[in-house]
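# heads up, no residue letters with this:
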């Protein structure tokens, strides 16, 4: 093959595989929403499939950070079938895109039986073997009503 | 200059600038501890200097995610001189190192006047112009004592 044809093939290859930051953001938000939809029906499989082997995890109920997919699986499987969310409203999702990591942050309201709960969320995604995987999850409550105010 | 000498110079240059994941982790934990030390004395300057223009921020008291250094400055300057932490204990800090992003997570207990408060923290650092800058901060309370349990 002569050089112009090789160059043309390379251009086509990179234009097919390259994604803009906006495309990465759309993809990641779609992955998160898919996993959230399953989660709201009591199925943690979406988040488990999306999480990397070295994922780290915080939520307000865990005693400390959970490390690794096995620990996350243990937690999530203990909740299988117990979560029932009627609807969710994700607010203002933002994705900060790096070379192989992307940081998704958003606020979310989850509605269950007429009650809304407000959440803060940070998900860090990493491109592993051409697939985005979560390496860090942090869920917390937005302005929780506490028995005592933290100092 | 002949080729072997250029090659030698390049080797020396990269060996001087390259950092292992462990070195990156040490550096980032040290930056965080420095900023926390100032914070505990009522001085938010450490975190403000360490944060990037496009930083996003969650803590349990904010109504929603804060976007950008200006919003963070407004919050932090409103707290200047009001925070007094006697001591902190950072537990099990972990840094997941990427090409230009690094994700620091840890648990922390802050002691003030004999009372300890437990925190979860995620900081995402980005290498900007050869300096690590925070692009995402998420502070939340570990197992907060709530008036009502979230559903």
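Ah, there it is. Predicted model, so just to flag it, every value in this text is computed and none were measured.

# partners of residue A:137 in the sheet?
Beta-bridge pairing of residue A:137 under DSSP bridges involves residue A:57, residue A:123.

# for chain A, what spans make up the strands?
Remark: strands assigned in chain A by DSSP state E are A:51-58, A:66-67, A:87-97, A:101-112, A:115-128, A:131-141.

# these: which one's closest to residue A:2?
strand A:115-128 (33.4 Å; Cβ to Cβ). No exception for glycine: its C-beta is placed from N, CA and C like everyone else's.

# mean neighbour count added to the strands of chain A, as a markdown table?
Below are the strands of chain A laid out as a markdown table (neighbours: other Cβ atoms under 10 Å in any protein chain shown):
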| stretch | mean neighbour count |
| --- | --- |
| strand A:51-58 | 21 |
| strand A:66-67 | 17 |
| strand A:87-97 | 16 |
| strand A:101-112 | 20 |
| strand A:115-128 | 20 |
| strand A:131-141 | 21 |
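
# kindly reformat these as JSON lines containing mean pLDDT.
Formatted as JSON lines, the strands of chain A follow (pLDDT from 0 to 100):
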{"stretch": "strand A:51-58", "mean pLDDT": "98"}
{"stretch": "strand A:66-67", "mean pLDDT": "98"}
{"stretch": "strand A:87-97", "mean pLDDT": "97"}
{"stretch": "strand A:101-112", "mean pLDDT": "97"}
{"stretch": "strand A:115-128", "mean pLDDT": "97"}
{"stretch": "strand A:131-141", "mean pLDDT": "98"}
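
# quick one, which of those strands is nearest to residue B:93?
strand A:51-58 (10.9 Å).

# for that closest one, packing partners?
If contacts are counted by 3 or more Cβ pairs under 8 Å, 6 or more residues apart in numbering or on different chains; DSSP states H and E, strand A:51-58 sits against strand A:66-67, helix A:69-79, strand A:131-141, strand B:87-97, strand B:101-112.

# dump these to CSV, plus distance to residue B:119.
Below are the helices and strands packed on strand A:51-58 laid out as CSV (distance: least, Cβ to Cβ, whole Å):
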stretch, distance to residue B:119
strand A:66-67, 16
helix A:69-79, 20
strand A:131-141, 10
strand B:87-97, 9
strand B:101-112, 5
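
# between the ones you listed, which one is nearest to residue A:50?
strand A:131-141 (5.3 Å).

# residues making contact with stretch A:89-107?
Residues from elsewhere that reach stretch A:89-107 (Cβ atoms under 8 Å, 6 or more residues apart in numbering or on different chains): A:21, A:24-25, A:28-29, A:32-33, A:36, A:108-109, A:111, A:118-127, A:132, A:135, A:142, B:54, B:56, B:58, B:64-65, B:67, B:98-101, B:103, B:124, B:126, B:135-136, B:138.
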